[in-house]
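>>> Got a predicted structure here, sequence first:
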Amino acid sequence: MPDTRQDCVIFFLSPEPVRAQAIEWGSYEHQRFTCFKDSVATASSRTTVYVIDGKDPSYTQETLQQLRSHSDHYADLCYIYDSIDPIDHRLSDGELPNQKVLDNKIAEMHQLDLLFKTIQDGLQTHEQWLMRFLLMRPDYVITPLHDWSHIRRYRYPILEVLGGPQIDTESWLNRLVSQRILQSTELVDRQKECTFCKSAQLSFIDVCPNCNHIDINKQISLHCFTCGNVAPQDNFMNNGVLVCPNCSTQLRHIGADYDRPLENYRCNSCSHYFIEGNVICRCAVCKKSMSPSDLLQNDICSWKLSDHGRLTAMHGSANDLFEVFNQLNYIPYELFIHDLNWLLIQANRYESTNFSVLGLYFTNIPDLISEMGHHDVFQLLEGFSAHVRSLIRKTDLCARTVENAIWLLLPHTDEEGVIGLESRIETATQLTKQPNDQLLVCNMAHFSSSKFPTVIEDAKLLLAQMQSELIDAG
């Protein structure tokens, strides 16, 4: 590991004398400041590491907020000396590690810093802030923080800070997911939310099914068989015996003289008797009422940076990079799945049906971009896709699932045919070799119906199995 200690400075932020003595700091330049703002004027172009060494939790939280919202330092490493609260864990890089772990982390961060030397922070959008923050922390997961006082009961502190006060966090998160910048890692909770304001602060109450009034109560009633009178049980009590207040019949035997009706609830507003009340939902924020069936359902998930987001973070855009493969008889993924399912069914029913699926996974796209630049890699992929296009037929179809993988559906192609195509594509990758010996690395995996007497009739499952094989091969 190259020694990066000369390229790093450590800033201790503490309102009291520094207590962090667990690491030998002599090999690093380090300074102490009372607050974050004082350190900003001193910061240089070197990799900066912050250590918050304050006993007051509010000091730690305020400092983290200032750091993560600063345009020059939002992605810097920041450790906490003391044990940390859940919200601090989401905004910091954890507790202060030992010397070896810190050395490795600083070296890794220094290399990642070099990737962004051409990026102008002042011109970055909030999306780029977030992507860069996540890219420099490959294992970071955006986990929801449960907060009973929050309007939606869950919130994402890092999105709130990096997005700024003017951005609606929930809408921003949905936009990041729809743009495939973030992908879910775990379903944490599932909750119902207000139809009008999306608040999760809801209350449920029983009301009268006749007039929707809340003034209802459970009341034991009796039903006189003689006259049909139904009234509260207390109205039938007369000197210790049951007597109908309507017809004065003495009620001796249940089932013969009277019974208890199923309607055990009574509305004090309209005097309606009923078995069970209706349930309405009330929002504590907007105070509107609605039926529980009208509530919105929201899945609360943890998120991480996707492959697409990683490429976008490093080079501003990844969409145009892979559009070169659209010339390979490209069809939408949903249609590709439909056609593959149809062929799977055909293969199970007719022995003469032959087809193959070939997956290509490019393992070193980020490395190539780092070495050659986005534009040169685009041209390299364009040349490679032209070679592949010359190898496939008009009846062969192409689709993409992730940014660095493509799928080819090859009708009337047996095992021998798809292996031959793999060999020719491998030759095409060798043609991408550059003067510095860099070349496109492509893992391949195939499936052929001619090799199996029966096949699964689930295209998504088949591609998932093949994708795992492609990634494991890398």
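Here it is on my side, so go on. Numbering: from 1, shown residues only.
>>> what about the helices in this protein?
Along the chain, counting by DSSP state H, helices occupy 36-40, 57-68, 86-91, 99-115, 126-135, 157-163, 169-178, 307-315, 319-322, 333-349, 365-372, 374-391, 415-430, 459-473.
>>> can you list the domains in this structure?
Here the domain parsing of the chain from automatic domain parsing is 1-115, 202-290, 317-473.
>>> Least confident of the ones you listed, on average?
Least confidently modelled of the domains of the chain is domain 1-115, at a mean of 77 by mean pLDDT.
>>> Identify the neighbouring strands of the longest strand seen in the chain in the sheet and state each direction.
Taking DSSP state E as the criterion, the chain has its longest strand at strand 182-193. Sheet partners assigned to strand 182-193 using DSSP bridges are listed as strand 296-305 (antiparallel).
>>> Now do the strand it pairs with: everything it contacts.
Applying Cβ atoms under 8 Å, 6 or more residues apart in numbering, the external contacts of strand 296-305 come out as 131, 134-135, 140-144, 152, 154, 173, 176-177, 181-195, 198, 200, 313. Backbone N, C-alpha and C define where each C-beta goes, glycine included.
>>> Check which residues of that strand are buried.
298, 300, 301, 303, 304, 305 (16 or more other Cβ atoms under 10 Å).
>>> What of stretch 435-444?
Within stretch 435-444, the residues that count as buried by 16+ other Cβ under 10 Å are 438, 439, 440, 442, 443, 444.
>>> between the residues you listed, which is closest to residue 355?
residue 444 (16.8 Å; Cβ to Cβ).
>>> Look up how far residue 397 lies from the closest residue to that closest one other than its chain neighbours.
In this structure, residue 444 finds its nearest non-sequential neighbour in residue 422, 5.2 Å apart by Cβ to Cβ, 6 or more residues apart in numbering. Distance of residue 422 to residue 397, given as Cβ to Cβ, to the nearest Å: 17 Å.
>>> Please identify which of these two sits among more neighbours.
residue 397 (21 against 17; other Cβ atoms under 10 Å).
>>> ok, now which ones touch that one?
When contacts are counted by Cβ under 8 Å, 6+ apart, residue 397 is found next to 329, 330, 331, 336, 339, 408, 409.
>>> Can you tell me who it pairs with across the strands?
residue 409.
>>> roughly how far apart are it and residue 325?
Distance, residue 397 to residue 325, using Cβ to Cβ: 12 Å.
>>> cool, and residue 388?
From residue 388 to residue 325 the distance is 8 Å (Cβ to Cβ).
>>> From the neighbour counts alone, determine which of the two ranks first.
Neighbours were counted for residue 388 and for residue 325 using other Cβ under 10 Å; residue 388 has more, 23 against 20.
>>> Just to check, that one is in contact with residue 425?
Yes: if you go by Cβ atoms under 8 Å, residue 388 and residue 425 touch, sitting 6.1 Å apart.
>>> Buried ones in stretch 412-426, by neighbour count?
In stretch 412-426, counting by 16+ other Cβ under 10 Å, buried: 413, 415, 417, 418, 421, 422, 425.
>>> make that stretch 85-105, sorry
The neighbour-count check on stretch 85-105 (16+ other Cβ under 10 Å) flags 87, 88, 89, 90, 91, 92, 93, 96, 102, 103, 105 as buried.
>>> coming back round to it: buried subset of the contacts of residue 397 as a ChimeraX selection?
Written as a ChimeraX command, the selection of buried residues from those, which uses 16+ other Cβ under 10 Å, is:
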select :329,331,336,339,408,409
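>>> can you put the contacts of residue 397 in JSON lines and add distance to residue 372?
Below are these laid out as JSON lines (distance: Cβ to Cβ, whole Å):
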{"residue": "329", "distance to residue 372": "28"}
{"residue": "330", "distance to residue 372": "25"}
{"residue": "331", "distance to residue 372": "30"}
{"residue": "336", "distance to residue 372": "30"}
{"residue": "339", "distance to residue 372": "36"}
{"residue": "408", "distance to residue 372": "26"}
{"residue": "409", "distance to residue 372": "31"}
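>>> farthest pair in the contacts of residue 397?
330 and 339 (12.8 Å).
>>> Can you tell me the closest non-neighbouring residue to residue 398?
According to Cβ to Cβ, 6+ apart, the nearest residue to residue 398 is residue 328 (3.9 Å).
>>> Oops, could you answer that again for residue 341 instead?
The nearest residue in space to residue 341 (Cβ to Cβ, 6+ apart) is residue 459, at 4.5 Å.
>>> The residue nearest to residue 181 when sequence neighbours are not counted: neighbour count?
Among residues not flanking residue 181 along the chain, residue 309 sits closest, at 3.8 Å (Cβ to Cβ, 6+ apart). Residue 309: 24 surrounding residues under other Cβ under 10 Å.
>>> which residues does residue 309 contact?
Residues near residue 309 by Cβ under 8 Å, 6+ apart: 131, 134, 176, 180, 181, 182, 183.
>>> how far away is the fourth one from residue 209?
So the one you mean is residue 180. Residue 180 is 47 Å from residue 209, where distance means Cβ to Cβ.
>>> cool, and the last one?
Here residue 183 is placed at a distance of 45 Å from residue 209 (Cβ to Cβ).
>>> same question, the fifth one
Taking Cβ to Cβ as the measure, residue 181 and residue 209 are separated by 48 Å.
>>> Which one's more surrounded, these two?
Neighbours were counted for residue 181 and for residue 209 using other Cβ under 10 Å; residue 181 has more, 21 against 15.
>>> In this structure the more buried one contacts residue 131, no?
Yes: the pair residue 181 and residue 131 passes the contact test of Cβ under 8 Å, sitting 6.4 Å apart.
>>> Find residues that contact each of these two.
305, 309, 312.
>>> I'd like the residues you listed as JSON lines, with pLDDT and distance to residue 273 appended.
Shown next, in JSON lines, are the shared contacts of residue 181 and residue 131 (pLDDT from 0 to 100; distance: Cβ to Cβ, whole Å):
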{"residue": "305", "pLDDT": "91", "distance to residue 273": "60"}
{"residue": "309", "pLDDT": "81", "distance to residue 273": "60"}
{"residue": "312", "pLDDT": "74", "distance to residue 273": "64"}
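>>> Inside strands: which ones of the buried residues of stretch 435-444?
442, 443, 444.
>>> How many neighbouring residues does residue 71 have?
Neighbour tally, residue 71, other Cβ under 10 Å: 10.
>>> what do you get for residue 357?
Neighbours of residue 357 (other Cβ under 10 Å): 24.
>>> Write down the beta-bridge partners of it, one by one.
Going by DSSP bridges, residue 357 forms beta bridges with residue 409, residue 447.
>>> That one contacts residue 469, doesn't it?
No: counting by Cβ under 8 Å, residue 357 does not reach residue 469; the two are 11.7 Å apart.
>>> circling back to that earlier point, closest to residue 8 among the buried residues of stretch 412-426?
Nearest to residue 8 out of the buried residues of stretch 412-426 is residue 425 (Cβ to Cβ; 44.1 Å).
>>> thinking again about what came up before, ok, so of the contacts of residue 397, who is nearest residue 429?
For the contacts of residue 397, the nearest to residue 429 is residue 408 (14.8 Å; Cβ to Cβ).
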